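Engineer: need coordinates for the following:
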Amino acid sequence: MDSLSRHEQLLRVFHLIDILFSARQPLSTAELKDLLRGRGVIEEMSDKNIRRDLEFLEKFGYAVKRSRKRSARGAACQAWSIEPGRGKVELVAPAISLPELLSLAVARDFLAPLAGTFYWRGISQLIAKVESVATPELLEYVEAHREGLVVHPKPAVAKYGARTLNAINRAIRNALELSIRYTSLADDKPKTYVIHPEALVLYDGSIYVAGYRAPAAAKRAPKGATAGEIRFFKLDRIADAKPSTRTFVRRNEPVEALLADSITIFRSADPPRRYRLRIDASRARWAREKPFHPRQQVREEADGAVILEIERAWDDEMIPQLLGLADCVEVLEPEDVRERILEIAQRIAAKYMCRHLRSFEEIYAARR
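Structural biologist: A predicted model of the protein is given here:
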């Protein structure tokens with residue numbers, strides 16, 4: 001049996017567990033097929049395959065009982081049920097839904113950076129629920145056949161210290177001022193910041209603390225920073241975190257709303273402005289699917305290229321992203337950003353041209 005077939009069978013088996021535990025009376029093979037079809041699990045399958053799935057349940061410790069009943073047409077047929085509290089293990093009716101069962105293993109990978117927080121304790125409790133429903137053999141089977149879905153790059157488990165995470169979580173939950181020792185990319189040594197932490201943000205496999213500078217600390221803020229400007233402190237760079245006894249009032253606008261106009265987790269004191277971009281046909285599908293910007297409007301061109309209309313974006317976030325697309329993107333507006341891109345491109349070209357005596361045309365021709 002190939003990997004796809006194994007995962008299809010595993011999906012059917014989880015549904016069968018859910019169906020049989022919730023049934024008030026034994027179900028015939030035809031009834032099981034109808035219920036699986038109604039859930040969108042199968043389109044068509046043989047009675048023999050249904051019986052194989054039920055034998056699979058028996059193999060992994062479920063007390064499957066065979067009996068006889070009358071079909072809708074009045075004929076005698078075989079029926080199936082699961083009896084809790086009998087068989088190799090003591091079983092109870094499922095305490096969680098089927099989607100939770102199927103997504104648990106992957107969710108555990110996504111939440112790995114949060115090890116040590118109440119979020120991680122929550123998923124651990126959910127795992128305990130699953131273990132009370134499924135037999136150990138079936139859980140081992142699920143774990144052994146997870147290659148059908150891969151989380152990459154896989155976050156490191158317990159990447160952050162539980163003490164620091166718990167302190168930050170306590171400050172967020174209780175709206176307490178938080179003192180952190182933080183080393184920014186521009187600093188060699190950690191500095192002390194007092195912030196009003198609003199939320200933890202999980203982005204690109206790392207955790208950030210979203211917060212505002214405490215008003216009392218605003219006078220010591222770096223040039224250009226204000227107490228009213230939200231900042232994102234990467235947890236990797238926080239050496240220590242200590243909640244104080246001083247409380248603060250949370251902002252009305254949630255952090256999620258503040259990130260709605262951002263490609264990453266960027267914020268700026270400068271107002272966002274409108275962008276129009278032309279993405280070449282070679283990257284057009286990527287720009288639509290990614291998407292390049294969360295609020296982009298897409299208009300297709302006859303040659304396969306696309307025009308992206310972005311009403312609100314920040315220059316300091318957009319320009320590095322645009323440079324990453326190299327010659328596959330053209331900034332149509334703002335005009336001054338076109339000029340900045342040209343200036344940067346000239347500086348890049350100068351770094352390479354100083355080591356080449358050939359012209360652009362000669363280099364290009366040699367590569368063809």
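Engineer: where along this protein do the helices fall?
Structural biologist: Here the chain has its helices, by DSSP state H, at 3-22, 29-38, 47-59, 98-110, 118-133, 136-144, 162-174, 255-258, 281-289, 315-324, 335-353, 360-367.
Engineer: let me have those helices in CSV, extended by mean neighbour count, distance to Q296 and mean pLDDT.
Structural biologist: To be clear about C-beta, it is placed using only N, CA and C from the backbone, and glycine gets the same treatment. Shown next, in CSV, are the helices of the chain (neighbours: other C-beta atoms under 10 Å; distance: least, C-beta to C-beta, whole Å; pLDDT from 0 to 100):
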stretch, mean neighbour count, distance to Q296, mean pLDDT
helix 3-22, 17, 34, 72
helix 29-38, 17, 38, 86
helix 47-59, 15, 45, 84
helix 98-110, 15, 25, 62
helix 118-133, 14, 31, 70
helix 136-144, 14, 38, 63
helix 162-174, 18, 31, 86
helix 255-258, 14, 18, 87
helix 281-289, 15, 8, 91
helix 315-324, 15, 12, 92
helix 335-353, 12, 16, 90
helix 360-367, 9, 32, 69
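Engineer: and of these, who's closest to H152?
Structural biologist: helix 98-110 (9.6 Å; C-beta to C-beta).
Engineer: name the single longest strand found in the chain.
Structural biologist: The strand spanning the most residues in the chain, taking DSSP state E as the definition, is strand 191-203.
Engineer: helices or strands up against it?
Structural biologist: helix 162-174, strand 176-182, strand 206-213, strand 231-234, helix 255-258 (3 or more C-beta pairs under 8 Å, 6 or more residues apart in numbering; DSSP states H and E).
Engineer: who touches that strand?
Structural biologist: 113-114, 117, 168-169, 171-172, 175, 177-184, 207-214, 216-217, 230-233, 244, 248, 250-251, 254-256, 259, 264-265 (C-beta atoms under 8 Å, 6 or more residues apart in numbering).
Engineer: then stretch 310-317?
Structural biologist: Counting by C-beta under 8 Å, 6+ apart, 261-264, 266-268, 270, 272-277, 293, 295-297, 337, 340 sit against stretch 310-317.
Engineer: mind checking the end-to-end distance for it?
Structural biologist: 13 Å (C-alpha to C-alpha, to the nearest Å).
Engineer: which residues touch A214?
Structural biologist: Counted by C-beta under 8 Å, 6+ apart, A214 has contacts E177, V194, I195, H196, A227, F248.
Engineer: confidence-wise, which of those residues comes last?
Structural biologist: On pLDDT alone, A227 ranks lowest of these, at 51.
Engineer: how far away is the residue most central in space within the chain from Y62?
Structural biologist: With distances taken as C-alpha atoms, centre = their mean, F110 lies nearest the centre of the chain, 6.3 Å away. Distance, F110 to Y62, using C-beta to C-beta, to the nearest Å: 29 Å.
Engineer: turn the contacts of A214 into a markdown table, columns for neighbour count.
Structural biologist: Formatted as a markdown table, the contacts of A214 follow (neighbours: other C-beta atoms under 10 Å):
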| residue | neighbour count |
| --- | --- |
| E177 | 20 |
| V194 | 19 |
| I195 | 24 |
| H196 | 25 |
| A227 | 15 |
| F248 | 19 |
